[in-house]
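Visitor: The following block contains a protein sequence and its predicted model.
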Amino acid sequence: MSETTYTIADILKNTEYALDVFTPQEIAALEMFEKKKWPYLKDFVDGTERRATPEEIVRQLFLYRLLHVYQYPPERIAVERAVQFGSTVSKMRADIVIFDEDDPDAAYIIVEVKQPKREGGIEQLKSYCNAEGAPIAVWTNGGSLEIMHREDPNLYRRISDLPTAHQTLAEVLNEQVTIEQLTQENRLVRERLTLKNIILYLENLVLANAGVDAFDEVFKLIYAKLYDEWAAENDPRRKRLVHFRAAGETHSQLYDKINELLQEAKGRWPGVFMRGEKIDLIPSHLAVCVSYLQDIKLFNSNLQVIDEAFEYLVTQVAKGAKGQFFTVRHVIDMAVKMLNPKWGEYAIDTAAGSCGFTVHSIFHVWGGELTARRPDEWQRNYAAEKVYALDFDARSVKIAQAINLIAGDGRSHVYRVNTLDPRTWDEAARVGLGPHLRRFEDRAQDDWNQKNYRYFTFDLVFTNPPFAGDIKDTRLLHQYELARRDDGKWQPKMGRDLLFVERNLEFLKPGGRMAIVLPQGRFNNISDERIRRFIAERCRILAVVGLDVNTFKPHTGTKTSVLFVQKWNDDPEAGPLCPRVEDYPIFFAVSQHPGKNSSGEYSYLKDEDGQPLLDLYGHQIVDHDLYDIKAVLDNQLERLVERDAGDAVRYAGHRARYEALLPHVPDYPTVAEAFIEFAVAEGLSFWREG
């Protein structure tokens with residue numbers, strides 16, 4: 001490196017370019033020097049001195065890879081080559097062209113780096129490849145990398161890698177991949193992508209004009225891919241190979257293979273799809289979708305990858321109008337950590353969405369997170385028997401059933417019902433929830449409850465109910481005490497979230513505890529004084545945590561808080577003790593670091609070069625103050641060391657990554673840990689163990 005004060009990070013700062021797809025060795029090979037008061041570098045192919053612009057840095061790093069990783073000789077590579085459209089040589093120039101080994105005038109690979117935005121860059125790249133007849137197209141901005149096989153002028157299918165100078169394209173297309181290789185090359189980690197990014201791209205590429213329901217088809221593909229990853233881990237006949245990938249088959253053969261994976265998934269995790277349901281994408285469209293999904297790993301530690309993608313697909317039509325949105329994972333984790341569910345306790349979410357609360361309750365009790373490896377028997381039993389979920393939206397229930405089936409290894413208690421109106425519940429819900437109906441000594445009261453499904457014995461309720469829109473159905477309102485005014489007359493309408501408060505308390509046993517997300521106004525509006533009194537008469541108010549206004553953006557800018565309560569109980573036979581007292585302390589907190597910006601995009605921790613940091617499982621780390629991020633990293637390190645016991649190299653790698661992350665973890669006061677300290681000091685029943 002010369003005496004120049006410029007760094008790559010300086011040049012790339014606030015641009016669309018990044019270094020995520022390149023290795024430290026490749027980045028270190030780039031040497032810059034000062035010329036005419038500007039940073040310059042030498043072209044790796046022809047030695048030309050070029051101004052070190054962001055796109056030139058990315059081009060040179062990719063040239064270095066072509067030369068040293070893929071081993072293409074410099075004489076097969078051209079930089080800034082004019083593109084020939086028909087008989088006309090255009091003024092447009094391809095950034096990099098690799099020529100065919102047997103025909104030095106024919107373009108074999110064309111690389112585009114000038115257009116840093118994916119959509120514009122890929123469209124320009126396709127026009128070059130179509131004009132030159134090149135079979136392989138590459139676009140990168142250093143943050144993402146797309147390698148595509150041009151099957152015909154209108155169909156480009158993504159492939160996993162470039163052929164080296166000594167390989168044929170057919171060898172790459174037919175390459176077999178193990179689950180370990182998929183984990184190592186996972187694009188979500190290597191390129192800091194999200195599944196939502198990929199679905200948005202597929203929507204623009206094929207789904208919007210495919211004549212199918214985008215949600216249904218994406219859901220089928222994700223279900224099949226999750227099964228494929230599970231089978232690669234657990235089916236010895238697979239020899240750890242993944243099958244969800246385009247491997248040189250015809251489009252029809254690929255369709256048959258992926259559809260068969262879906263049918264096997266339906267057999268392993270039944271009850272989510274109708275009998276006979278199959279993939280409705282035509283084979284050529286399916287081939288494109290598979291090519292973009294095949295190099296990502298969906299089984300991750302907390303399912304946020306899947307959840308974020310389905311939230312995008314569902315909320316636009318199904319839930320947005322009702323003011324209900326999937327709860328962000330760090331809010332879920334905060335609530336679960338604070339209420340501390342235990343092995344013997346039953347938990348329910350009465351407005352479940354994608355079942356984030358119940359799935360993270362499973363993780364909490366398991367002491368770990370979800371992987372494609374089959375859970376232990378006790379873990380399967382807990383997931384299958386102790387967690388329940390209700391929701392009225394068909395698509396959310398489908399997602400919730402799938403996620404709970406996978407966690408419970410084929411069993412779940414997720415029901416599509418109107419939580420507020422048990423009169424309408426179907427037989428499946430009544431049979432599933434019946435064992436948890438509360439029993440009363442009074443025979444008439446007990447018979448009434450067994451018939452009407454009002455009062456239950458759940459230990460925990462976690463929920464984020466819909467809070468937009470009023471209920472005006474008098475038959476429904478007349479089931480709720482809150483709908484009756486002090487003078488005995490009925491309210492003509494009630495906020496949906498208010499009825500959920502009363503209904504959720506009916507699900508709790510004496511001494512049971514609840515976390516519920518509510519609009520901030522419910523805590524301080526004069527008109528809502530009655531609801532606050534209603535809650536205080538029935539429960540000990542444990543905590544109120546104010547969430548930032550950005551937390552549920554972009555779906556809503558409503559300011560919300562999470563209310564934590566425990567039902568009063570003086571009878572140790574009825575449930576955990578929570579003796580009624582008149583005066584007691586309440587824990588209050590306000591989040592200062594919400595993990596989202598004003599546009600509703602997640603805010604991630606970054607390194608000194610502005611690149612997003614990844615935790616030990618390869619996920620971007622949301623910047624928030626709801627619980628201790630370092631404690632999560634400690635847990636991840638402990639589990640990875642346990643998993644790789646005896647492997648000194650892997651242990652050293654885990655420890656090195658952990659140590660490298662610690663300086664970047666902010667030292668915020670965190671809500672969950674402060675509450676736990678409060679709960680232990682107060683002797684709250686669910687934290688008496690310390």
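Guide: Nice, I can see it.
Visitor: Name whatever forms a beta bridge with residue 42.
Guide: According to DSSP bridges, the residues that bridge with residue 42 are residue 49.
Visitor: Could you report the neighbour count for it?
Guide: Using other Cβ atoms under 10 Å, residue 42 is surrounded by 15 other residues. Where you see a C-beta, it was placed from the backbone N, CA and C, and this is true even at glycine.
Visitor: Also residue 506?
Guide: By other Cβ under 10 Å, neighbour count at residue 506 equals 18.
Visitor: Packing partners of the strand or helix carrying it?
Guide: Using DSSP states H and E, the secondary-structure element containing residue 506 is helix 496-507. Here helix 496-507 is seen to pack against strand 458-463, strand 470-471, strand 508-519, helix 529-538 when contacts are counted using 3 or more Cβ pairs under 8 Å, 6 or more residues apart in numbering; DSSP states H and E.
Visitor: So which of those is nearest residue 60?
Guide: Each of the helices and strands packed on helix 496-507 was checked against residue 60 via Cβ to Cβ, and the shortest separation belongs to strand 508-519, namely 49.5 Å.
Visitor: Show me what that closest one is packed against.
Guide: Under the contact definition 3+ Cβ pairs under 8 Å, 6+ apart, strand 508-519 sits against helix 329-339, strand 458-463, helix 496-507, strand 560-567.
Visitor: Next, format the ones you listed as a markdown table and append mean pLDDT.
Guide: As requested, these are arranged in a markdown table below (pLDDT from 0 to 100):
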| stretch | mean pLDDT |
| --- | --- |
| helix 329-339 | 94 |
| strand 458-463 | 96 |
| helix 496-507 | 95 |
| strand 560-567 | 97 |
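Visitor: Dump the ones you listed to JSON lines, plus distance to residue 82.
Guide: Output for the helices and strands packed on strand 508-519, formatted as JSON lines (distance: least, Cβ to Cβ, whole Å):
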{"stretch": "helix 329-339", "distance to residue 82": "50"}
{"stretch": "strand 458-463", "distance to residue 82": "62"}
{"stretch": "helix 496-507", "distance to residue 82": "63"}
{"stretch": "strand 560-567", "distance to residue 82": "57"}
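Visitor: Relative to residue 524, which of these is closest?
Guide: It's strand 560-567; of the helices and strands packed on strand 508-519, that one is closest to residue 524 (Cβ to Cβ) at 9.6 Å.
Visitor: neighbouring strands for the helix or strand just after that closest one, and are they parallel or not?
Guide: For strand 560-567, the succeeding helix or strand toward the C-terminus, using DSSP H and E, is strand 587-590. Using DSSP bridges, the strands paired with strand 587-590 in its sheet are strand 539-546 (parallel).
Visitor: so where is the protein shaky, pLDDT-wise?
Guide: Judged against pLDDT under 70, the low-scoring parts of the chain cover residues 1-5, 86-90, 153, 300-304, 307-308, 311, 313-325, 368-374, 408-411, 689-690.
Visitor: Using the record's domain definitions, break it down for me.
Guide: What automatic domain parsing lists as the domains of the chain is 8-166, 180-293, 304-591+672-687.
Visitor: How far does the first one sit from its chain's centre?
Guide: Spelled out, it's domain 8-166. 31 Å (Cα atoms, centre = their mean, to the nearest Å).
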